[in-house]
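A.B. asks: Sequence and predicted structure, then a few things I'm wondering about:
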Amino acid sequence: MTGPRRSVLLWLAVGAAGFLLVPWYALQGSVFALGWVPHAATKEAAPALLQVFLHGKWWLGPLGALLVAGTALAVLAMDRRARANALIAVGAAGFLYLLLQGFAIGPTGWYFESLAATLPALPRGQFGMGLGAALVVTAFGMLFALGLAGRGYFKGDPFVAASVITVAALVAVFTFFPVVRILISALQDNVGAFSLVALPEREKERDVKVHRVKETDVPAAPALEEYEEH
């Protein structure tokens, strides 16, 4: 087995561990304390596979299917270019799908009202992603990077490709995402629905509050003049 295929299997093993063995969602305490192990079948501490079959989190199932597809790409005999293209597709699909379902489904169901109005109601929601989700999203990102290297990008160097993808993902998460979230919240009304007039109305309310504060301020100059006259 060649080096690139071993790298694919390594990252698929990381993704499988995240999907099968460790809690998918964030825990109240540290996951490394291992206090969750006796409760590994509960909805709070279960890995993704048990979340699907025991707790009705069916939307996590496609992530497992994509990991299986990635395993097939590493095991089956394929042309190098075809395998690279397939890795790019699987990695990108898994990475984007994991993030989209994480943002679309909140603790009580669909996070956005537009989704709740157009899609069937969910019987249950989900909380923040934990170690399992982190391992799986990392695995998909690395599969994407290995696919790019297989296509000849970054001079075919898997390490450089993985480094670039990692840095780009971190910048997106810790820089662009907070800015985008602030911009989106500026276009939401008081109930969270998107509104093009929300920002102008919010600015108008701010101006009214500032004007009222200025009107209630006690002017200092007249009081000083009255004191000097006495």
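C.D. replies: Arrived safely, thanks for sending. Numbers count the residues shown, from 1 in each chain.
A.B. asks: Please state the offset of stretch 152-171 from the chain centre?
C.D. replies: A distance of 20 Å separates the centroid of the chain from that of stretch 152-171, by Cα atoms, centre = their mean, to the nearest Å.
A.B. asks: my bad, should have said stretch 168-186
C.D. replies: Worked out by Cα atoms, centre = their mean, stretch 168-186 lies 11 Å from the chain centre.
A.B. asks: What residues sit buried inside that stretch?
C.D. replies: Within stretch 168-186, the residues that count as buried by 16 or more other Cβ atoms under 10 Å are residue 169. Glycine gets a C-beta too; all of them are placed from N, C-alpha and C.
A.B. asks: Would you agree residue 56 is in contact with residue 123?
C.D. replies: Yes. Using Cβ atoms under 8 Å, residue 56 is in contact with residue 123, at 5.9 Å.
A.B. asks: Give the closest residue to the residue positioned nearest the centre of the chain in space, chain neighbours not counted.
C.D. replies: For the chain, residue 99 is the residue whose C-alpha lies nearest the centre (Cα atoms, centre = their mean; 3.9 Å). Leaving out its chain neighbours, the residue that sits closest to residue 99 by Cβ to Cβ, 6 or more residues apart in numbering is residue 137, at 7.2 Å.
A.B. asks: what about that neighbour, helix or strand, and which?
C.D. replies: In this structure, residue 137 sits in helix 131-150 according to DSSP states H and E.
A.B. asks: Would you map the strands across the chain?
C.D. replies: Assigned by DSSP state E, the chain shows strands spanning 105-106, 109-110.
A.B. asks: Give me the mean pLDDT for the last one.
C.D. replies: Averaged across strand 109-110, pLDDT comes to 84.
A.B. asks: Now find how far off-centre it is within its chain.
C.D. replies: On the basis of Cα atoms, centre = their mean, strand 109-110 sits 15 Å off its chain's mean C-alpha point.
A.B. asks: for stretch 79-87, same thing?
C.D. replies: Centroid separation for stretch 79-87 versus its chain: 27 Å, with Cα atoms, centre = their mean.
A.B. asks: Only alpha carbons, please: show that stretch as PDB.
C.D. replies: Taking C-alpha atoms only, stretch 79-87 is exported to PDB below (Å, rounded to 0.1, in the frame of the first residue of the first chain):
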ATOM      1  CA  ASP A  79      -6.500   5.500 -10.800                       C
ATOM      2  CA  ARG A  80      -4.600   8.100  -8.800                       C
ATOM      3  CA  ARG A  81      -6.400  11.000 -10.400                       C
ATOM      4  CA  ALA A  82      -9.800   9.400  -9.900                       C
ATOM      5  CA  ARG A  83      -9.000   8.700  -6.300                       C
ATOM      6  CA  ALA A  84      -7.800  12.300  -5.700                       C
ATOM      7  CA  ASN A  85     -11.000  13.700  -7.200                       C
ATOM      8  CA  ALA A  86     -13.200  11.400  -5.100                       C
ATOM      9  CA  LEU A  87     -11.300  12.400  -2.000                       C
END
